[in-house]
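**Q** have a look; sequence and predicted model below, questions after that.
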Amino acid sequence: MATRFGRFWLHERVGIGGMAEVYRATIGPDPETYSFELAIKRLLPQLQKDPAQVDMFVTEADVAKLLRHPNIVQVYEAGTIEGEAYIAMEYIVGHDLGSLIEGLRKRRLRFPSDLAVYVAMHVLRALDYIHAASSASGEPLEIVHRDVTPSNIYLTSRGEVKLGDFGVARVKFLEGFDEARFLKGKAAYMPPEVLGGAPVTQAVDLWSLSVTLYEMLTARRLFEGQSEEDLMAGRAKLRMVPVRDANPDLSSKLARVVQRALSVRPRRRPREAAELYRELKLHMLGEGISVDGQALARFVADTAGELPGGASARGGAAGTADGFATPSYQVPLNVTPTQRFEIVRRRRRLVGPLVALGVAVVVGAAGYVVFGRAFLARLRGAPAIVVTSSGDAAVDSGAARGASVEPGPASAAASGPAPGSASTQPSGEAPAGDVARARPAVPDEFAIEFSEDLGADADLGLDRGPPRYANLMRKARGFAKHKKYAAADDAFREALALRPKQVPALLGRANALLELRRYQDAEQMARGAILQKPKNARAYLLLGDVLWVQGKDAMARQAYQKCVDLEPLGKPARTAKRILGTL
């Protein structure tokens, strides 16, 4: 039942945090007769008597009331009712980004890259407005949100993106004397220099938004496995997996934009929200991507589904991971741990040859410029080798002395005997100065006899082609190489019909089934390969991938560890070790 709170009616609670709770509320003579809905954010009862907490809570309202932007949650009023501090604000029908990311992550899914960039661009619009905001007298407010995190970014059912929660925002004219000494916000979204003691500037918001974009694109944390306490205390090792290693499907241009925004050197990052916005916009235009609010609204509806207990999807923060339905707009993490490391390894292998090729081109060009003229001059003065009419090669002494060769029988011999000319040496003796003898051409009759021999072999019934099993395996691997996994599965199945216990065919079909997302069948094939060859490390590596995709993390770790134990120095074991280090 709705309860009375001043002139508001409080309905269900839609969210609660460490400082306040949020209710869906209405204004009217009774709960059923009202003009519009809004959200009431009320300070928790145990904090109502703490002046510092009340001051921070009121500061949020003072800051937010100054801001009017379509990508910012609008605040209507603030005050106290019966001694309880509250803020009346826009009611968001949708979900917060944090719950969506977490729900997708638990299902081995991630945000589509185009929608992730779309969300980031709208948050950047809000940040550009916030950072440039000024007072009525024209004095810059120098606002720093300090909490641009997924839980404070809301995606509405109409496809809108809104930034909220200014509870820890820093404003120049509202800042207390000791304000700069305290680090507020979530440490996981703070840049390294601020964690190290550097002053808080508006660049903090850009870093936090870039971390949020990284999480949407990769379905993983930037500093995976590091606690807030370790980050705040400076004990954590800030090791970031490059965005394209975590998601090899990303375009190289988008990966460069994200990596630059997350550079450990502040000077390399975009300096303002408008700069990062332009880079993302150029990426969208260059890739020919067009996204609108309707696409985002469909994605939110399909991903979030219905909340637990039959409640509607309204109210955002009330949603939990268990309330998510299987989305129809899915972007699977279709790269298993092994495939991800293989892609990274192949990419790194290309670096060496490309660098060597570039060096060779530069050195060759320089050598041509430096030594080209001298070489050509020397080549003009080198001995000329001519072929006589008898088929012998001889040195033209006149060319050796640099003298010009007049047209005549000798020079004509280079392209064949002159008409009517005769050799001056007996056919059995080499001329003086002979340096080489021309190799006689292969007579055409030999080629005819060779082809006739092939025909004779065929007539004798000799089967020189590979057996049918090998043909099927070669065909299946070709299909798999060109990502035609359905055809590859059919070819591997035919090969197994001929030889049911062949481990290569079992593993090949398991790989094809994995790509087709037939995970149970792929697991059956991998286990069949292990049954035939219990010490095959590659089979355990593949089994680990299949189990990981199905969310069976504990069993996947066991399979990867078994791969390492069987063949510690082999290539599959090296990949398994790296995977175990990230799970």
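**A** Perfect, thanks for sending it. The model shown is predicted, which means the values in this text are computed figures rather than measured ones. Numbering: from 1, shown residues only.

**Q** element containing L217, please.
**A** According to DSSP states H and E, L217 maps onto helix 203-218.

**Q** ok, and for that helix, which residues are buried?
**A** Under the neighbour-count criterion of 16 or more other C-beta atoms under 10 Å, helix 203-218 has 203-218 buried. Any C-beta I mention is one placed from the backbone N, CA and C, and that applies to glycine too.

**Q** I'd like the average pLDDT over it.
**A** For helix 203-218, mean pLDDT is 93.

**Q** and for stretch 295-309?
**A** Here the average pLDDT along stretch 295-309 is 71.

**Q** per-domain residue ranges of this protein.
**A** 1-91, 93-333, 468-580 (automatic domain parsing).

**Q** circling back to that earlier point, could you dump the helix holding L217 to PDB, C-alpha only?
**A** The C-alpha trace of helix 203-218 is given here as PDB (Å, rounded to 0.1, in the frame of the first residue of the first chain):
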ATOM      1  CA  ALA A 203      39.300  14.400 -16.500                       C
ATOM      2  CA  VAL A 204      38.200  12.000 -13.800                       C
ATOM      3  CA  ASP A 205      34.700  11.900 -15.400                       C
ATOM      4  CA  LEU A 206      36.200  11.100 -18.800                       C
ATOM      5  CA  TRP A 207      38.200   8.200 -17.400                       C
ATOM      6  CA  SER A 208      35.200   6.800 -15.500                       C
ATOM      7  CA  LEU A 209      33.100   6.900 -18.700                       C
ATOM      8  CA  SER A 210      35.900   5.200 -20.700                       C
ATOM      9  CA  VAL A 211      36.000   2.400 -18.000                       C
ATOM     10  CA  THR A 212      32.300   2.100 -18.400                       C
ATOM     11  CA  LEU A 213      32.600   1.800 -22.200                       C
ATOM     12  CA  TYR A 214      35.300  -0.800 -21.700                       C
ATOM     13  CA  GLU A 215      33.000  -2.900 -19.500                       C
ATOM     14  CA  MET A 216      30.200  -2.700 -22.100                       C
ATOM     15  CA  LEU A 217      32.500  -3.800 -24.900                       C
ATOM     16  CA  THR A 218      34.200  -6.600 -23.100                       C
END
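
**Q** packing partners for it?
**A** If contacts are counted by 3 or more C-beta pairs under 8 Å, 6 or more residues apart in numbering; DSSP states H and E, helix 203-218 sits against helix 97-106, helix 113-131, helix 243-246, helix 252-261, helix 273-287.

**Q** touching the third one from outside, list them.
**A** Meaning helix 243-246. With C-beta atoms under 8 Å, 6 or more residues apart in numbering as the test, helix 243-246 has contacts from Y214, L217, T218, R220, L250, S252, A255, V258, Q259, L262, R340, V344.

**Q** mind running it again at 7 Å?
**A** Y214, L217, T218, R220, L250, A255, V258, Q259, R340, V344 (C-beta atoms under 7 Å, 6 or more residues apart in numbering).

**Q** contacting residues for the fourth one?
**A** Under the criterion of C-beta under 7 Å, 6+ apart, the neighbours of R220 are A246.

**Q** could you look up the SS state of W548?
**A** When classified by DSSP: H, G, I helix; E, B strand; the rest coil, W548 comes out as helix.

**Q** so what's it closest to, chain neighbours aside?
**A** A556 (4.1 Å; C-beta to C-beta, 6 or more residues apart in numbering).

**Q** what pLDDT does the one you found get?
**A** In this model, A556 carries a pLDDT of 88.
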